[in-house]
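>>> Everything below, folded, please.
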Amino acid sequence: MIDLRNALPEIKTDELPGPKARAVIERRSKAVPDAIRCVYPLVAERGEGAMVEDPDGNIFLDWVGGVGVLNVGYSCPELISAVKGQADKYFHVMMNIGTHEGYVRLAEEMNRIVPVRGDKKKTMFANSGAEADENAVKIARGYTKRQNIIVFSGAFHGRTSLTMAMTSKKSYAYGMGPFPGGVYRADFPYMYRAPKGYSEDEAIDYYIDRLMKVFEECSAPEHVAAIVAEPIQGEGGFVPAPIEWVKAVRKICDKYGILLVADEVQTGFARSGRMFVSEYWKEAGCAPDIMTAAKSIAGGLPLSAVTASAEIMDACPTGTIGGTYCGNAVACAAALEVIKYIEKNKLCERASEIGKKVTDFYINELVGYGVVGDVRGIGAFIGLELVKDKDTKEPYQELVSALVLKAASKGLIIESAGTYGNVIRCLCPLVVTDAQLEAGLSILKESLRECLEELGN
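Reported below is the predicted structural model:
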């Protein structure tokens, strides 16, 4: 059996998907709703590290990682051992009925590593990022006794009724209304697409003015419980929040008694070069009041978290948070091992190394093709925005769509993002080897060249 952890991408069948994978995909089309859309020819048979093998023996390099779920890679041996150890004892204890120590230990660890305001912190667990974000809103409302929240253009927070209202891109909520009220939207500081001719300082002032307009036109600040922001927007196009903008938002929150919520569902657990992007915020004196986490928290098992000061958490009315599977024992065991693995193997430092290699390659090897509008991100959270014209910045969505399929045909799994669908995101597992990373970059460059030729560029 091939050692996938050190393997390179290799397509062995004459076409993709191969015959065995195709049979599974055909079964999927009959058994699974079409709305759960997948364009990739990938059927997973076995995964290790950053690599996936399909039933036909084709080997793919995964730069999506379950959309940020697999920071520690596929089938991490330490996680497997932790999960097996817990499963031998029991699968689950509901925390409203009893107590299991894994939940308590993990809450203690999250309280240690999450950089929210407050000397004493508390953490609750749920099952998904959307649940975490929705609970963060409930906690903020419970503490402030206010109803409204402010979110941003480009935001993605989930697919529950409330988080669909919070999410900007309405293709994720098409036909699903009416949505809950009390959710208002400001412009996120998308610096690449800021008003033309603005300096960075002028652009930040512009976006703060746009936020203040929400108080004027939608909800007075004394009725706003929380401002909810992703430190780096994921679905919105891998757009980082400038730290000077965060500082200004923090001041606004402090002035009006509004809680600042950092949605780190996709950005957390070493991806940014720190355990959380909020660490950068804290160092700049603008730590959030509440932080949500999910995705890579348990290496692939369903788990999410909300952390805040004990004062904020304990103001939430009894019975309004929690749930049957929240803080499942097996998932908590995995999460404890994830934290240990990240710290022991210095994955924060590795994320910074990956980010530099990818960024340097994009700038040195891809900019010459004339379609790279922007390269941005923090750590190994890197976005590549492709445009038809660098002056007009017209999005090149059809190129990105073609690039996703072309790269997959060569063994590299990448995914698009952005309001206009014209951004390639890098979310490869942080355990990727240098050789695998270089192979992926090579495939991406070759695929870009071929796609441009096919599109007549």
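>>> quick one: stretch 422-438 to chain centroid distance?
Relative to its chain's centre, stretch 422-438 lies at 15 Å (C-alpha atoms, centre = their mean, to the nearest Å).
>>> Quick check: buried residues in that stretch?
Within stretch 422-438, the residues that qualify as buried are 422-433, 436-437, counting by 16 or more other C-beta atoms under 10 Å. (Each C-beta comes from the backbone N, C-alpha and C, glycine too.)
>>> Also stretch 236-249?
Buried-residue list, stretch 236-249, by 16+ other C-beta under 10 Å: 236-246, 248-249.
>>> Show me the buried residues of stretch 422-438 that map onto strands.
Applying DSSP state E to the buried residues of stretch 422-438, the entries found in strands are 423-426.
>>> can you give me the helices for the stretch 351-457 of the chain?
397-409, 434-454 (DSSP state H, counting those that start in this stretch).
>>> same check, this time on the chain
19-31, 65-68, 77-87, 101-113, 129-144, 161-166, 200-217, 243-256, 278-283, 310-313, 329-344, 347-361, 397-409, 434-454 (DSSP state H).
>>> picking that back up, put together CSV for the buried residues of stretch 422-438, with pLDDT and distance to L336 on each row.
Listed next are these as CSV, based on pLDDT from 0 to 100; distance: C-beta to C-beta, whole Å:
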residue, pLDDT, distance to L336
N422, 98, 39
V423, 98, 34
I424, 98, 33
R425, 95, 28
C426, 93, 27
L427, 95, 23
C428, 96, 24
P429, 98, 19
L430, 98, 18
V431, 98, 18
V432, 98, 24
T433, 98, 26
Q436, 98, 28
L437, 98, 28
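>>> Rebuild the residues you listed as a markdown table, extending it with distance to V39.
Output for the buried residues of stretch 422-438, formatted as a markdown table (distance: C-beta to C-beta, whole Å):
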| residue | distance to V39 |
| --- | --- |
| N422 | 16 |
| V423 | 16 |
| I424 | 14 |
| R425 | 15 |
| C426 | 18 |
| L427 | 17 |
| C428 | 19 |
| P429 | 21 |
| L430 | 25 |
| V431 | 26 |
| V432 | 23 |
| T433 | 27 |
| Q436 | 23 |
| L437 | 24 |
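>>> Got the confidence number for the residue nearest to the spatial centre of the chain?
Of all residues in the chain, the one closest to the mean position by C-alpha atoms, centre = their mean is Q266, 1.9 Å from it. Q266 is assigned a predicted lDDT (pLDDT) of 97.
>>> ok, now the one 10 residues further on?
Per-residue confidence (pLDDT) for F276: 98.
>>> same check, this time on V372
The predicted structure scores V372 at 98 on the pLDDT scale.
>>> Tell me how far it lies from K122.
When distance is defined by C-beta to C-beta, to the nearest Å, V372 is 44 Å away from K122.
>>> Any idea what K122 is bridged to?
In this entry, K122 is beta-bridged to A308, by DSSP bridges.
>>> nope, L61 is what I meant
M51, L412.
>>> Enumerate every residue touching it.
L61 makes contacts with 8-9, 50-51, 411-413, 428, 432, 436, 439-440, 443, as judged by C-beta atoms under 8 Å, 6 or more residues apart in numbering.
>>> same thing with Y74?
Y74 neighbours (C-beta under 8 Å, 6+ apart): 4, 47-52, 62, 300, 429.
>>> redo that, cut-off 6 Å
Listed by C-beta atoms under 6 Å, 6 or more residues apart in numbering, the contact set of Y74 reads 47-48.
>>> Need the pLDDT of it.
pLDDT, Y74: 97.
>>> Specify the beta-bridge partners of it.
G49.
>>> gap between it and V83?
14 Å.
>>> Spit out the residues that contact these two alike.
Common neighbours of Y74 and V83 (C-beta under 6 Å, 6+ apart) do not exist.
>>> What does the pLDDT read for P180?
Model confidence at P180, expressed as pLDDT, equals 92.
>>> Burial check on it, number of neighbours?
By other C-beta atoms under 10 Å, the residues close to P180 number 16.
>>> Isn't it up against A165?
Yes - using C-beta atoms under 6 Å, P180 makes contact with A165 at a distance of 5.3 Å.
>>> Can you tell me, leaving aside adjacent residues, what's nearest to K410?
Of all residues not flanking K410 in the chain, I443 sits nearest, at 4.8 Å (C-beta to C-beta, 6 or more residues apart in numbering).
>>> buried ones in stretch 395-402?
With the criterion 16+ other C-beta under 10 Å, stretch 395-402 contains buried residues 395-397, 399-400, 402.
>>> Next: stretch 166-182.
166-169, 173, 180, 182.
>>> Distance from it to the middle of the chain?
With C-alpha atoms, centre = their mean, you get 19 Å for stretch 166-182.
>>> Give me the contacts around that stretch.
147-148, 151, 153-157, 162, 164-165, 183.
>>> Among the residues you listed, which one sits closest to P115?
H157 (20.3 Å; C-beta to C-beta).
>>> residue contacts, that closest one?
Neighbour list for H157: 133, 163, 166-167 [criterion: C-beta under 6 Å, 6+ apart].
>>> Make a markdown table out of those and add pLDDT.
Formatted as a markdown table, the contacts of H157 follow (pLDDT from 0 to 100):
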| residue | pLDDT |
| --- | --- |
| D133 | 98 |
| T163 | 96 |
| M166 | 97 |
| T167 | 96 |
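>>> Max pairwise distance over these: which two?
D133 and T167, at 9.6 Å, using C-beta to C-beta across the contacts of H157.
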